[in-house]
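Asker: Sequence first, predicted coordinates after that:
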Amino acid sequence: MAFQSPSKASESTQELRLATTMTGGVSLAIWMAGVTREINLLAQASEWRLRGGDLPASTLTTAAETSLKLYAELIDLLDVVADVDILSGTSAGGINAAFLAWSRVKGADLGNLRELWLDLGALTDLLRDPTDASTPSLLYGDERMFKSLDAEIPTFTHGPFQTQSSGDLPSTTLYITTTLLNGETSRFTDSFGTQVQDVDRRGVFTFTEQNLTNGNAASALALAARSSASFPAAFEPSFIPFTEGTVRSGDVPARPPMARFTNFTRPHWVADGGLLDNQPIDVVLQRIFDRPAQRPVRRVLLFVVPSSGPTPTVEEAPQDRLDEPLGLVDALLKDLTAMTSQSISVDLRAIRTHQDRMHARANTRLHLAQLAINLGSDRPLLTPRLLTDYAQQEATRHAQAVTAALLRQLSTWPAANGSPQSIPTSWEANLKIGGDAENLCRTTITESIKAHWLSPGGSLPTSTAELARYGRPAFDLAKACAIVIVRAAYQLATTPEEMAAISTIAAGISNACPPPEPFDLGDLITRVCTNTQTRNRSLDEAAKEIAKAYLEHLEIDETAWAQMGSAIADGRNTLDDIAKQPLTIRRAADAVRPPDSQHLNQLKTYLTYLGEESTSGTVATKLFNLAATQRAMLPTDADVEQSLELIQVSADTRCQLAPDFQTATEKLTGMQFHHFGAFYKRSWRANDWMWGRLDGAGWLVHALLDPRRVQWIVPTPEANGAVSRAQWFVDKLGAIGAPDIPSANSAPAAVLTELRFLDNPDQPMPTSLPHTSMWLAQSWQRSVLDEELDALADAVLDPRAGEPPDWSPETTLGWAESVRAASASTKYGLLPENPIAAETFATDGGSPLMSCTIAKAVATVTAAAGSVEQLPGVLKPPLNVTRMMTVGAYRAVWWAKGDAHRIIVLGASLLTLGAILLIVSAATALQGSILVGLLGLLVAGGTGAYLIALGMWQHSSRPSLARVADPLTRNDDACPAPESVRRFHVSLATPRALRARSASRPLSR
């Protein structure tokens, strides 16, 4: 029976929260867009499960609706919902992250994202017109990229689960990074008190569900996304207005004021966000921590990157040689590659290091609780000395952040000029070179915060009113301890009733203190420092006022502490029942595998530490004591205590429908030419989009099939008479999508072997289920191919009106025709023979599209070189002549529509014209005429020679071709030619043959 609708989520339903980070450059954005599409479908399936009922009517295609139902069926089986609540994007990843955030707050379907990228990514359209008056870059950033994003983002509003009201917006946070070309200055002091100036070039745009629904949100989102993707030289720098927007200018849309979206203090020119190690890991972790939870939560960080680097091999790495020096272009390209690849590896390493720190801190906290138990109930774990150390550490951490923001703001202000946004005269001595501004402000703010927190006598807090004095930082630390107790109980629960009871406790903890509203520290500093009374005081007095205002932001009511304590105190009986039930009895409840004894020991230890007769006040106090003691032992810059799983989503993965395609290099045309490749050709973009969806579906299925969740939902053999739990689960997975999707082949032996842990308690629980995931993902991937294989064939055979023909090798054209002719059941078998991923610029070397692209690119490069104002005057005349030649050749090639024969004829004609001009001018015997003749020979003859060389190169790259008229374009000069003439008669090895010759490499998944 076909799947109708999922069951509605309950209190025991697990919430899979996906914090999604996207990073990657230029045309690899198209692969990421395919992944984005799959994430969007999973999010819609989860929303369906939360709302219940039948699938609403919508504009979803049949294949997209099938994919959505597959996700709904799987999360229904696993009793899970997925929530993509926090996103960040860098470089081209910022564009796709922006669309994903927009779709979340609007409830929009992203099915049209494919057409947007197929059109927007056309290189011949992105390349600047070489006749433009100014050429600041090779590609159009504002006139093409920003303009298209500004127009297209607002159109994504339709979907089966549109947002019902502005008051019911899903929690959404988006961070988009960029690089400030003129950084903002801050200061710090070294150990000797010497002032060190620091320039910060890291820019971050922040969008939330509130500001994503404002009137100009779409334009702000488009500008932020375009700014993050401003790859140097390819796209011009992007201008970010601050408090006042800019008006529309020609094809450049109006820019909205961006002050409320940014972390900087003034207008800036910005460049690609991937130039620096620029992922906002700290703010992402804090945002994750602040999200309240009503259900069991599994937190995953999806790190979406097309490829994190070449796959390691056993072959010896190539050695650099002195006699093979790098040229200027090669060196610059390798510099950019080093910066961007290093950024990705640093981000991954930072997340991995964070995980290691969280594990160490969890162990430390557990040991401290055990130590407190050994001390006895009459001796608290926290001592006055430890409390002072805690206050010093925590106050210093906040003071450093406030001081950095203060000095960053003051560095943008001029000397005293009567304006409230200028440096007062009384502050100048501290801020000048050799002054003590950083040390003075940091020390003053630290002492102000400590004085507010600590009681005059140094006594320990014993009531919720005294705890409230320590503000939100202390509450968050204590809340982290409470969450650890709840998380251990979740791992031990074996019945829906226990899960529901624990969910109630978790909700009480989360609801005790709602997450703070988005807070701009720069606004607070500006407000205080522009106050007349503050400006008439000294800098240290101003720092005290800033500390006072900052502490007001950190304030919470004592009821928050009481409610958090009550949540655990009221649920104490439930927690005790779970902790006191022996593992042997829990084995009977599960029939196979008992819960991990580590979680049981954790729960027992923490409950013993809290005491049996605990009230809400004593629970809150003991949580604070434990948290403050641990924090006093940590460094000042300790990060947010938030554990999460890291899953890298890349194209370096396998697909059972095409097992020979294993790496990004083998799949993606965008990996060519320093990641610009997919922009060249429409069929290349369609190929990368398709692989993005195929890979994205595989990784999402892999992420959903968490072994711990599988163990939870699989019933005991006695309950249903199944042969085994593993077989029961395999049967359920095999039925997903039936009968609409052809069932996958029977589960291979590797799947049943991988699932043996369900029936064998002595078998270690695996960290993931790769074989099961790849086998199951075939259903999703078949659904993707139902939609994308035909679209890929269309991109090869039917170029859109107004575009140069998408010339392709004979093998590609034959493959595309086979796709069109194949039945639904046989079409999937054509994926392994897909030749498009193996196409290169070399195999396309003789095509008219290549000639048109080269001619325009060369003309644009010379125009860009001539636009450089710093060039010596002696170089400008030859550059102007070169520009005239290349622009003339560009116009000739495009008039000839890239046909080699026409290009050669035009070149010969121009060369002859140049010679005639020289002969005529020489015959006049006038000096001026001879100069004109020489110039004519140089321009016309040079252009002709260039055209002849281009045409001969094109002609020699393959046998003669006849141009085929685009049937969608009216052109009286273009006559239809037989299909056999249209094809490239070149020998292109199939992807299978190419891979057979490549060195074997380890599999990534």
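Answerer: Right, received. Where do you want to start?

Asker: drop to CA atoms for contacts and neighbour counts, all remaining ones
Answerer: Will do.

Asker: Cross-check the contact I'm expecting between residue 31 and residue 684.
Answerer: No. Taking CA atoms under 8 Å as the definition, residue 31 is not a contact partner of residue 684, at 10.6 Å.

Asker: more crowded one of the two?
Answerer: Using other CA atoms under 10 Å as the criterion, residue 31 and residue 684 rank with residue 31 on top: 34 against 27.

Asker: Can you name the residues that contact the residue lying closest to that one once chain neighbours are set aside?
Answerer: Leaving aside its sequence neighbours, residue 31 sits nearest to residue 692 (CA to CA, 6 or more residues apart in numbering; 4.3 Å). Residues in contact with residue 692 (CA atoms under 8 Å, 6 or more residues apart in numbering) are 30, 31, 32, 33, 34, 35, 651.

Asker: host element of the fourth one?
Answerer: When secondary structure is defined using DSSP states H and E, the element that contains residue 33 is helix 29-51.

Asker: Now do the buried residues in that helix.
Answerer: 29-49 (16 or more other CA atoms under 10 Å).

Asker: Give me the helices and strands touching it, please.
Answerer: helix 62-78, strand 80-91, helix 93-106, helix 113-120, helix 682-704 (3 or more CA pairs under 8 Å, 6 or more residues apart in numbering; DSSP states H and E).

Asker: please redo it, this time with the cut-off set to 7 Å
Answerer: helix 62-78, strand 80-91, helix 93-106, helix 682-704 (3 or more CA pairs under 7 Å, 6 or more residues apart in numbering; DSSP states H and E).

Asker: So which bits of the first one are buried?
Answerer: It refers to helix 62-78. Within helix 62-78, the residues that count as buried by 16+ other CA under 10 Å are 63-78.

Asker: again with the longest one
Answerer: Going by neighbour count (16+ other CA under 10 Å), the buried part of helix 682-704 is 682-704.

Asker: CA atoms only: put the next helix or strand after that helix into PDB for me.
Answerer: For helix 682-704, the following helix or strand on the C-terminal side (DSSP H and E) is helix 707-713. C-alpha atoms of helix 707-713 as PDB (Å, rounded to 0.1, in the frame of the first residue of the first chain):
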ATOM      1  CA  PRO A 707      22.300   3.500  15.200                       C
ATOM      2  CA  ARG A 708      21.100   4.700  18.600                       C
ATOM      3  CA  ARG A 709      17.800   5.800  17.200                       C
ATOM      4  CA  VAL A 710      17.500   2.600  15.200                       C
ATOM      5  CA  GLN A 711      18.000   0.600  18.400                       C
ATOM      6  CA  TRP A 712      15.300   2.600  20.100                       C
ATOM      7  CA  ILE A 713      12.600   2.100  17.400                       C
END
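
Asker: just how off-centre is helix 707-713 within its chain?
Answerer: For helix 707-713, the distance from its own C-alpha centre to the chain's C-alpha centre is 28 Å (CA atoms, centre = their mean, to the nearest Å).

Asker: repeat for stretch 226-244
Answerer: Using CA atoms, centre = their mean, the offset of stretch 226-244 from its chain centre is 18 Å.

Asker: Kindly report the same for stretch 388-400.
Answerer: 33 Å.

Asker: try stretch 650-660
Answerer: With CA atoms, centre = their mean, you get 21 Å for stretch 650-660.

Asker: got the buried residues for that stretch?
Answerer: So for stretch 650-660, counting by 16+ other CA under 10 Å, buried means 650, 651, 652, 653, 654, 655, 656, 657, 658, 660.

Asker: out of the residues you listed, which are inside helices?
Answerer: Per DSSP state H, helices hold no members of the buried residues of stretch 650-660.

Asker: Poorly predicted segments of the stretch 201-350 of the chain, please.
Answerer: 277-280, 309-318, 329, 333, 336-345, 347 (pLDDT under 70).

Asker: quick one, helices of it?
Answerer: 217-228, 281-290, 328-375 (DSSP state H, counting those that start in this stretch).

Asker: Include mean neighbour count and distance to residue 420 when you put these into a markdown table, please.
Answerer: Putting those into a markdown table (neighbours: other CA atoms under 10 Å; distance: least, CA to CA, whole Å) gives the following:
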| stretch | mean neighbour count | distance to residue 420 |
| --- | --- | --- |
| helix 217-228 | 28 | 28 |
| helix 281-290 | 17 | 31 |
| helix 328-375 | 15 | 40 |
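
Asker: quick one, which of the ones you listed is nearest to residue 471?
Answerer: Of all those, it is helix 281-290 that lies closest to residue 471, at 14.8 Å by CA to CA.

Asker: what's the angle between the closest one and strand 80-91?
Answerer: 160 degrees (axes from the mean of the first three to the mean of the last three CA atoms, to 10 degrees).

Asker: chain center to helix 281-290: distance?
Answerer: Here helix 281-290 shows a centroid-to-chain-centroid distance of 15 Å under the convention CA atoms, centre = their mean.

Asker: quick one: low-confidence parts of the stretch 551-700 of the chain?
Answerer: 582-596, 638-639.

Asker: Can you report how many residues lie near residue 571?
Answerer: 16.

Asker: Hmm, residue 506 and it touching each other?
Answerer: No. Assessed by CA atoms under 7 Å, residue 571 is found out of contact with residue 506, at 9.8 Å.

Asker: which ones are touching residue 711?
Answerer: residue 758 (CA atoms under 7 Å, 6 or more residues apart in numbering).

Asker: what's the answer for residue 284, then?
Answerer: Here residue 284 is in contact with no residue (CA under 7 Å, 6+ apart).

Asker: quick revisit: quick one: which of the buried residues of stretch 650-660 is nearest to residue 795?
Answerer: residue 658 (20.6 Å).

Asker: how about the helices of the stretch 201-350 of the chain in CSV, adding distance to residue 431?
Answerer: Listed next are the helices of the stretch 201-350 of the chain as CSV, based on distance: least, CA to CA, whole Å:
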stretch, distance to residue 431
helix 217-228, 33
helix 281-290, 29
helix 328-375, 34
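
Asker: Between those, which one is closest to residue 766.
Answerer: helix 328-375 (18.6 Å).

Asker: helices or strands up against the very next helix or strand once past that closest one?
Answerer: For helix 328-375, the succeeding helix or strand toward the C-terminus, using DSSP H and E, is helix 384-410. For helix 384-410, the packing partners by 3+ CA pairs under 7 Å, 6+ apart come out as strand 173-189, helix 437-453, helix 616-632.

Asker: out of the ones you listed, which comes closest to residue 294?
Answerer: That would be strand 173-189 among these, by CA to CA, at 18.9 Å.

Asker: Okay, angle between the closest one and strand 80-91 too, please.
Answerer: Orientation of strand 173-189 against strand 80-91 (the same axes, to 10 degrees) gives an angle of 50 degrees.

Asker: Now strand 173-189: average pLDDT?
Answerer: Mean pLDDT, computed over strand 173-189, is 86.

Asker: strands paired with it, and their directions?
Answerer: strand 80-91 (parallel), strand 195-208 (antiparallel), strand 268-271 (antiparallel) (DSSP bridges).

Asker: List the contacts of residue 209.
Answerer: So, once contact is read as CA under 7 Å, 6+ apart, residue 209 ends up touching 105, 169, 170, 171, 172, 173.

Asker: hmm, which of the residues you listed are the buried ones?
Answerer: Here, 16+ other CA under 10 Å leaves 105, 169, 170, 172, 173 buried among the contacts of residue 209.

Asker: Tell me which two in these are the farthest apart.
Answerer: 169 and 173 (11.6 Å).

Asker: about what we covered before: biggest separation within the contacts of residue 209, which pair?
Answerer: 169 and 173 (11.6 Å).

Asker: any idea where the helices of the stretch 751-900 of the chain begin and end?
Answerer: Going by DSSP H, counting those that start in this stretch, the stretch 751-900 of the chain shows helices at 770-797, 810-821, 824-827, 848-866, 876-895, 900-924.

Asker: Including distance to residue 131, mean pLDDT and mean neighbour count, could the ones you listed go into TSV?
Answerer: Below are the helices of the stretch 751-900 of the chain laid out as TSV (distance: least, CA to CA, whole Å; pLDDT from 0 to 100; neighbours: other CA atoms under 10 Å):
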stretch	distance to residue 131	mean pLDDT	mean neighbour count
helix 770-797	30	94	22
helix 810-821	35	93	19
helix 824-827	46	87	13
helix 848-866	8	92	23
helix 876-895	7	89	20
helix 900-924	20	82	20
